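S.K.: Build the 3D model from these lines:
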Amino acid sequence: MPVLSRALAASYKDADRRHYLDNLFRLQVTGGEYKAAGASLFALLGFNDASSPWPATNYSQFDIFVNAKILESTGTPFDQAFDKSFHQVVDPASDEKSALIIRRFAISVAAFQSDLRSALAQQQGKDEISGADALALVRAYQLANMYQSFAARSGSLIAADDRRRYIIEKDLLIKTPDGAHICTLVVRPRVSDRRLPTLMQFTVYADRIPNLSDARRSASNGYVGVTALTRGEGCSPDEPEPYMHDGPDGAAVIAWISRQPWSDGRVGMFGGSYNSFAQWSVAKQRPPALKALMPSVPNAPGIDTPMEANVFQSFSYYWPFYTTSAKWLDASTPGDPAHWIGLQKKWYVSGKSYRSMDRIDGRQNPIWDRWLDHPSYDAFWQQFIPYGGDFARINIPVLTTDGYLSGQSVGGLYYFSQYHKYNPSAQSYLVIGPYDHIRGQRGTVSSTGPDIDDIAGMSIDSAAHIDIEELRYQWFDYIFKGAKKPAILQDKVNYEVMGANQWRHAPTIDAMHDESFTYDLGAEKDGEFQRLTSAKAPTGAYVSQTVDLADRSDVDLIPPASGLDTHLGVAYRSAPISKPVDLAGPFSGRLDFEINKKDMDFNISLYELTAKGEYVGVTYYQARASYVRSRSHRELLVPGKRMLLDFTSSRLACWRFHAGSRLIVLVSIVREPDIQINYGTGKDVSDETIADAKAPLRIKWFDDSFVTIPAGT
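M.R.: Model prediction:
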């Protein structure tokens, strides 16, 4: 690697000065040229925005490391040199700044080693390596090697800095009214002699390093930081049961916080994914001390996990093992994707029932089995989060952050819409942009370099760069400390228009668009966008589709290079768009069809076909036909009868279709290894097997089907 790095450094060029320096110093570090790397880093630090907390600390861990290596070259042992370099940077820093520097060290070495193994595997068997691949390989090596070099020292240095700045109480056991125990971490600013508001995360992810990192950052911003683990996790002696007790248990922790001498009686909750579900679950209990929420990419059990629109998603199968197989997080479980992908394919090829997944896996999964017993959105799911009128009884400020990419925004849109529906005067805000599951929680900032420009394979607009974790403290400072409202919250709905490079703001989801266009799914020719009008007279024209639900020849299917996979669907193409059109909100429409089965699972995907001939996925809607009218009550289809099914996507999207592009609508039947298969018998889908496939699914898609595009300007 040093030889490769020095060779690359000698010829490396990039017109983007910041990008050039970001790569150059890594090449110099790996090549052992530490003084040169120090000079490159010094120049790179000039790009930091000193007025913003996170950017002001960018590259600090690299700076500490490089200075330690320079000192080591003078004869000082590396451990001593690293200690000195660490103290020089961290000791004089404010609490807020030191917490951000330390956060850059709180990354698992194993993650970087895994990235390095992947980079090496991509080059296995090759005689040559391209310049871009070589650069990526060196970057992966540099991070893995650097973090490994100081892993043994940084932990003790961080602990000493924490003792100087904070009072930290670990593994506190808080008893719930029904006798269970909640394992809790509390971090308080050491210098504070007054009661403070508390920011709390309630989580199933019992991972000490990130949990301490979040609580520390809250304390560094003048709050008491609390991380409480769900029942049975961490130091709790009870049995873990995700979802089952989080509302009452979280409310019990908040009641305990409000009684402590350091508490001013006010608690705000934050966190992403499951931790966002926990916020709403606790809010349902309405503990008096809970004053504000900030859910990010929120999970809504029964709405988006483990099933979406009543179709079970197989990624949820391994999650109980990940979260409950050990008291502390089993990081190895999701780290074995080959096993989980292999299991899904094995089930797919076997033709066995979906309920047999755990038997195929050779291990019991009682949590998964319990979920499968509730295919409707019934009382089992409704107990966990606010349902219906429950939202009307909640009246606290809520800021939701979410993303359009990687299938996000289902849970976020559900909570936001339901809260607005039942409590329209509530102080509820949404910030959403081109983010995936992780970036919708953190924003585009990176611990190891400049802001992230590519998310889920998409190049995002420059306007979309935000720091959601910094927004967290702006939000709670606004609620608890009388600070100004965060600048991005110009209205209730705040959204970035992908492709237009701008943020827009609206009072409601519906107000995101000011007109709607329909696109008829016609069989004869390119369809035109039309302004939304009343339904036209039905015709008899249709497109026929046949899908053999017993076919498994596509188990190892590689998607076409074009990005548009039509092997289970019918694609419709609009005429070229004469001027830009912004999809702004959930799309909707009507399916007019006739089928020979009692049910089907379908997917409607929207693509932009650019003037250059490239297909770009925009958004999609996936559902079980028998639950489209109500996720709580199943209405089977009538074989051989022409039927109408009105739908509204469960996802929020905002995307600019450029002039000269075409809209592509792909209507597909769902049959793939990582999703439950509906054979259409009308039985519980989890009990159906390949024997239920019998006659192939035959469907007529009538030309009177259409999609409606909500358009904003």
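
S.K.: Confirm that residue 173 sits in a strand.
M.R.: Yes. Applying DSSP: H, G, I helix; E, B strand; the rest coil, one finds residue 173 inside a strand.

S.K.: Can you give me the distance of the closest residue to it other than its chain neighbours to residue 438?
M.R.: Once flanking residues are discounted, residue 173 sits nearest to residue 181: 4.6 Å by Cβ to Cβ, 6 or more residues apart in numbering. Where you see a C-beta, it was placed from the backbone N, CA and C, and this is true even at glycine. Counting by Cβ to Cβ, to the nearest Å, the separation of residue 181 from residue 438 is 31 Å.

S.K.: Neighbours of the residue nearest to residue 173, how many?
M.R.: Neighbours of residue 181 under the rule other Cβ atoms under 10 Å: 19.

S.K.: Same question for residue 607.
M.R.: Other residues within reach of residue 607, judged by other Cβ under 10 Å, total 23.

S.K.: now do the one 4 residues further on
M.R.: By other Cβ under 10 Å, the residues close to residue 611 number 13.

S.K.: same thing with the one 10 residues further on?
M.R.: Burial measure for residue 621: 23 neighbouring residues, criterion other Cβ under 10 Å.

S.K.: My reading is that it lies in a helix. Confirm?
M.R.: No. According to three-state DSSP, residue 621 belongs to no helix; its state is strand.

S.K.: Give me the residue at the spatial middle of the protein.
M.R.: Centroid-nearest residue in the chain: residue 437, 0.9 Å away (criterion: Cα atoms, centre = their mean).

S.K.: Let me see the contact set for it.
M.R.: Residues in contact with residue 437 (Cβ atoms under 8 Å, 6 or more residues apart in numbering) are 272-273, 297, 403, 406, 408.

S.K.: Of the residues you listed - the most surrounded one?
M.R.: residue 297 (30 neighbours).

S.K.: for residue 277, helix, strand, or coil?
M.R.: helix.

S.K.: ok, for it, nearest residue in space, not its chain neighbours?
M.R.: For residue 277, the closest residue by Cβ to Cβ, 6+ apart turns out to be residue 299, at 4.3 Å.

S.K.: What number of residues are in the vicinity of the one you found?
M.R.: Neighbour tally, residue 299, other Cβ under 10 Å: 23.

S.K.: Distance to residue 426 added to the contacts of residue 437, as JSON lines?
M.R.: Shown next, in JSON lines, are those (distance: Cβ to Cβ, whole Å):
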{"residue": "272", "distance to residue 426": "21"}
{"residue": "273", "distance to residue 426": "23"}
{"residue": "297", "distance to residue 426": "20"}
{"residue": "403", "distance to residue 426": "23"}
{"residue": "406", "distance to residue 426": "28"}
{"residue": "408", "distance to residue 426": "23"}
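
S.K.: Where is pLDDT lowest across those residues?
M.R.: Confidence by pLDDT is poorest for residue 406 among the contacts of residue 437, given 84.

S.K.: All the strands of the stretch 551-700 of the chain, residue numbers only.
M.R.: For the stretch 551-700 of the chain, the strands defined by DSSP state E, counting those that start in this stretch occupy 569-573, 581-584, 588-595, 601-609, 615-624, 643-648, 654-657, 662-669, 697-702.

S.K.: Backbone dihedrals for residue 509, both of them.
M.R.: Residue 509 has phi and psi values of phi -60, psi -40 when expressed as degrees, to the nearest 10.

S.K.: Let me know the pLDDT of the residue nearest to residue 277.
M.R.: 96.

S.K.: go on, residue 332?
M.R.: pLDDT at residue 332 comes out at 56.

S.K.: From here on, call the first residue 32.
M.R.: Okay, residue one is now 32; in that scheme the one you just asked about reads as residue 363.

S.K.: dump the residue contacts of the spatially closest residue to residue 423 that is not a sequence neighbour.
M.R.: Excluding its sequence neighbours, the residue lying closest to residue 423 (Cβ to Cβ, 6+ apart) is residue 453, at 4.1 Å. Going by Cβ under 8 Å, 6+ apart, residue 453 touches 419-423.
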